[in-house]
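In: Quick one, what's the 3D model for this:
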Amino acid sequence: MSHKSEFDALLREHEAMIARICASYERDRELARELMQEILFAIWRALPARRGESSLKTFVARIAQFRAISHVAKHSRLPVEEGIDESLLDARASPDAEAIAADERTRLLAAVRRLPLTYREPAVLLLEDLTPAEIAGVLGITSDLVAVRLSRARALLRNLLGVTHGQ
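Out: Numbers count the residues shown, from 1 in each chain. Got it, this is the predicted structure:
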């Protein structure tokens with residue numbers, strides 16, 4: 001398979017996930033598009049060197065995550081409390097995400113954007129249906145640390161969303 005056709009297939013399969021990762025890091029529509037281009041370019045450059053040690057989804061998520069962090073640092077922007085531009089979220093979201101009402105999804109993603117980066121990273125990847133082991137691989141940390149960060153992220157999200165533990 002040629003490099004271009006491999007990239008095109010990757011894009012068809014993972015473009016929605018990449019767009020959601022962009023939306024979780026950048027509220028501004030133009031900056032989110034810029035981030036998307038940075039991620040796609042990084043994937044294009046890295047694809048020929050891919051060794052196949054992880055799934056394609058993990059490979060894409062790892063690049064997207066690192067580029068998003070670099071992008072945020074480059075623009076020196078802190079997470080904003082406001083909602084996320086819904087047009088950045090692809091309609092082809094996973095079945096779990098489609099089951100969540102649009103206003104709840106917006107509230108959740110806005111709350112995720114308010115999390116400290118340490119907790120936002122695994123939360124975003126979990127929302128993309130990566131397993132804790134895959135998240136550990138993407139972030140370069142242990143599965144135990146992923147579990148701790150996800151637990152803390154859930155507690156912070158419950159607080160941000162005003163949800164009590166039993167709800």
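
In: Spatially nearest residue to Ala68, not counting backbone neighbours?
Out: Using CB to CB, 6 or more residues apart in numbering and skipping the chain neighbours, the partner closest in space to Ala68 is Tyr25 (4.2 Å). Where you see a C-beta, it was placed from the backbone N, CA and C, and this is true even at glycine.

In: what's the helix or strand for the spatially closest residue to Arg67 that is not a sequence neighbour?
Out: Spatial nearest neighbour of Arg67, chain neighbours left out: Ile39 (4.6 Å); criterion: CB to CB, 6+ apart. Taking DSSP states H and E as the criterion, Ile39 maps to helix 29-46.

In: again with Ile141
Out: Following DSSP H and E, there is no helix or strand that holds Ile141.

In: ok, Lys74 - contacts?
Out: Residues near Lys74 by CB atoms under 8 Å, 6 or more residues apart in numbering: none.

In: Actually, Ser70.
Out: By CB under 8 Å, 6+ apart, the residues touching Ser70 are Glu38.

In: Could you check the helix or strand encompassing it and say which residues are buried?
Out: Element membership of Ser70, judged by DSSP H and E, is helix 56-75. Residues 57-68, 71-72 are the ones in helix 56-75 that count as buried (16 or more other CB atoms under 10 Å).
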